Each structure stands twice: as C-alpha cells, then as structure tokens.
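S.K.: Provided below are the primary sequence and the corresponding predicted coordinates.
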Amino acid sequence: MKKLINNNLLKKFCGDLDDKNLTMALVPTMGALHEGHLALIKEGMKQADICLPYIYLNPTQFAAGEDLDQYPKTLEADIDKLEDLNVAAVWLPSTHDIYPNGSQITHKAGALGKPLEGEYRPHFFDGVVTVLHRMFELSKPDYVMMGEKDFQQLQVTKHMAAQYFPEIDIIGVPTIRDKNGLALSSRNVYLNPEEYEIAICLNQILKELAQGAITEKKAHQKLLSAGFDKIDYCTCRNGNDFTAQNPTHALAAVWLEKGLGKTRLIDNMQITT
Ligand code: AMP
C-alpha cells in the first residue's frame, strides 16, 4: 500500500489515475479506524476503480476545550486494517499540506450547518467544509464516501459540493452498529463498561421515536432515566433543511459525563411512519 505523505506524492498518484482514466472514491477519516470507516472504504472500492482513504485529524473542526488532544490515534493499527482490505494507497497529509497559511476557517457551512450540531458546536461545520473543500481541491475525487451516522455532516457536505464541486458525487453509507445497536464511533473508546450500558439505550430510544411509538418529550425522559447526563437535542427533523416540517429523521446528541472523561454521542434514524 502506498503512503501519500505529502502533496507531491498525492499529485503523482492522482495524475497516474487520470492518465489511466481510472475513477477514484475518496474516504475522509480522522483515523482510529473501525468497521464503520471500513464499510465506507469497501463501498468506495465497489463504486470506483480506486478507493483512497485519508487520515487527518482536522484541527479546525474542534473548538478550544474539545477532545482534539485526547482523540484516539492508532495509526499503525489503521494501516494494518487498510492493508487487510487491499487498499492501493492511503493519504496521510501533514497540517502544512492542508493549511499552508495556518489552520484557519476559509469556508462557511451556511444555513444547513446552523441548527442541531451547529447550535451546540458552532465552529464544527465550518471546520468540516473548510477541510473537505481543500481535500477535494487537492485530490479531485469522482466520489466521496461518507457515513449516514453523521447525517447533518453528510447533508452539509452535499450542499457544499453542489456549489463548488458539482462533478463530485457525495455518497452516503448506512451506519454500522455493534451487536447492541450502538453506532460505531472512534469516541466509543472513551466509554467505561457502565457508560457503555447506558450508551446502548440511545439507539433503542431513537428507534422508538423514529417509529412514532413515543413523543420527543417521552424520548427526553427516557434518555435521562437511562442515565445520560445531558441532552443537546433529541428531535425529529426534515433531512433536507433540518426544520421540524415534514420530519424524515430522528436525530440526537447526548452526553455521558461521569466516567473518565466527558463523552458526546450522536446518532440518527430514518422515520418509518
Ligand atoms: P470520522 O473519522 O469520525 O470523522 O468519520 C469518518 C467518516 O466515517 C464519516 O463520514 C463518518 O460519518 C463515517 N462513520 C463514522 N462512524 C460510522 C459508522 N458507525 N457507520 C458508518 N459510517 C461511519
């Protein structure tokens, strides 16, 4: 597997693909790879001739006081997993490659990035669209594979790509869950066994909300009695504009704060009623 550790190596790799008329699917990740990330890569390998995952812990999508410093870093294990999948190359850019003028926000997410996640992490989507804009510009993918787990991020990215990169297809991949339904996340390593037992209630309560079996108010009550310490949101929204009109998805962000550190979990489910 090739390791594209700077812009020159990336440029050469992408130039070779162009010369051979091969299509490429980009898979953005921040590393600490799990089966959710691997599902995106497997889909990317089906979709395009070449699948190129990248691992880059993007500083501009973390606010001061968030978990940038603690974020799990498992590069060797990540590379083993990619080699097991027979991925042709992995892109491992440096911050200098991505932010030659210093890590600053250069693109804004706009209206879609304001509600839900945007209300609680106002910097987040601007950081996401800034890094993705740069990554798309450098690697010129035909497809970009992204998880439905981060549903608002997927929609914000589709919106940004439609504006600046209409030639790129942004493809959503269904959420991969563990045997108890917990959506896989690199941050799940923060959970102690007691918190894990609480964390698995999130998907069960969201499912009841998405099936119309309980109201939003009841879902809040159930999350708190399951043991979650704080709820940022747990609500049904329209997946196109995230208003409450004609809701298509139940989405939630919740906190577990009593363990080793504070852990924020997000999840969503399609409404089935
Ligand atoms: P991250 O490394 O957390 O930034 O995630 C990189 C990509 O993997 C994003 O497009 C996420 O939505 C996707 N992803 C993360 N967890 C899952 C999961 N459990 N199932 C499917 N995709 C996921």
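M.R.: Thanks, I have it. Numbering: from 1, shown residues only.

S.K.: could you pull out the helices for the stretch 101-250 of the chain?
M.R.: Assigned by DSSP state H, counting those that start in this stretch, the stretch 101-250 of the chain shows helices spanning 117-120, 124-139, 151-164, 193-210, 216-226.

S.K.: of all these, which lies closest to A77?
M.R.: A77 sits nearest to helix 193-210 of all those, at 20.5 Å, using CB to CB. Every residue, glycine included, has its C-beta placed from N, CA and C.

S.K.: Name the residues of the closest one that come out as buried.
M.R.: 195, 198-203, 205-210 (16 or more other CB atoms under 10 Å).

S.K.: Show me the two of those residues that sit farthest apart.
M.R.: E195 and A210 (23.4 Å).

S.K.: Enumerate the residues of the stretch 51-200 of the chain near the ligand.
M.R.: Selection of the stretch 51-200 of the chain residues close to the ligand by CB under 6 Å from any ligand atom yields M146, G147, K149, D150, V173, T175, I176, A183, L184, S185, S186.

S.K.: Redo the residues you listed as JSON lines? Include pLDDT and neighbour count.
M.R.: JSON lines is the format used below for these (pLDDT from 0 to 100; neighbours: other CB atoms under 10 Å):
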{"residue": "M146", "pLDDT": "99", "neighbour count": "22"}
{"residue": "G147", "pLDDT": "98", "neighbour count": "23"}
{"residue": "K149", "pLDDT": "98", "neighbour count": "21"}
{"residue": "D150", "pLDDT": "98", "neighbour count": "21"}
{"residue": "V173", "pLDDT": "98", "neighbour count": "21"}
{"residue": "T175", "pLDDT": "98", "neighbour count": "20"}
{"residue": "I176", "pLDDT": "98", "neighbour count": "18"}
{"residue": "A183", "pLDDT": "98", "neighbour count": "23"}
{"residue": "L184", "pLDDT": "98", "neighbour count": "18"}
{"residue": "S185", "pLDDT": "98", "neighbour count": "23"}
{"residue": "S186", "pLDDT": "95", "neighbour count": "18"}
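
S.K.: Tell me which of those fall in strands.
M.R.: Secondary structure from DSSP state E places M146, G147, V173 of these in strands.

S.K.: so what's the first one closest to, chain neighbours aside?
M.R.: I take that to be M146. L154 (5.0 Å; CB to CB, 6 or more residues apart in numbering).

S.K.: Now P53: which helix or strand?
M.R.: Take DSSP states H and E as the rule and P53 turns out to sit in strand 50-55.

S.K.: Give the rounded mean pLDDT of that strand.
M.R.: Computed over strand 50-55, the mean pLDDT rounds to 98.

S.K.: Could you list every helix and strand in contact with the helix or strand following it?
M.R.: As assigned by DSSP H and E, the chain's next helix or strand after strand 50-55 is helix 75-84. Packed against helix 75-84 by the contact rule (3 or more CB pairs under 8 Å, 6 or more residues apart in numbering; DSSP states H and E) you find strand 50-55, strand 89-91.

S.K.: Nearest to I5 among these would be which one?
M.R.: Closest of these to I5 is strand 89-91, at 8.4 Å (criterion: CB to CB).

S.K.: Tell me which other helices or strands that closest one touches.
M.R.: strand 2-4, strand 50-55, helix 75-84.

S.K.: Can you add mean neighbour count and give these back as JSON lines?
M.R.: Converted to JSON lines, the helices and strands packed on strand 89-91 look like this (neighbours: other CB atoms under 10 Å):
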{"stretch": "strand 2-4", "mean neighbour count": "16"}
{"stretch": "strand 50-55", "mean neighbour count": "24"}
{"stretch": "helix 75-84", "mean neighbour count": "14"}
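
S.K.: In this structure, where is pLDDT below threshold?
M.R.: The chain contains residues with pLDDT under 70 at 260.

S.K.: In the stretch 51-200 of the chain, what residue lies closest to the ligand?
M.R.: Residue of the stretch 51-200 of the chain nearest the ligand, by CB to the nearest ligand atom: G147 (2.4 Å).

S.K.: Turn the helices of the stretch 101-250 of the chain into CSV, columns for distance to G259.
M.R.: Compiled in CSV, the helices of the stretch 101-250 of the chain are given as follows (distance: least, CB to CB, whole Å):
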stretch, distance to G259
helix 117-120, 20
helix 124-139, 23
helix 151-164, 25
helix 193-210, 5
helix 216-226, 15
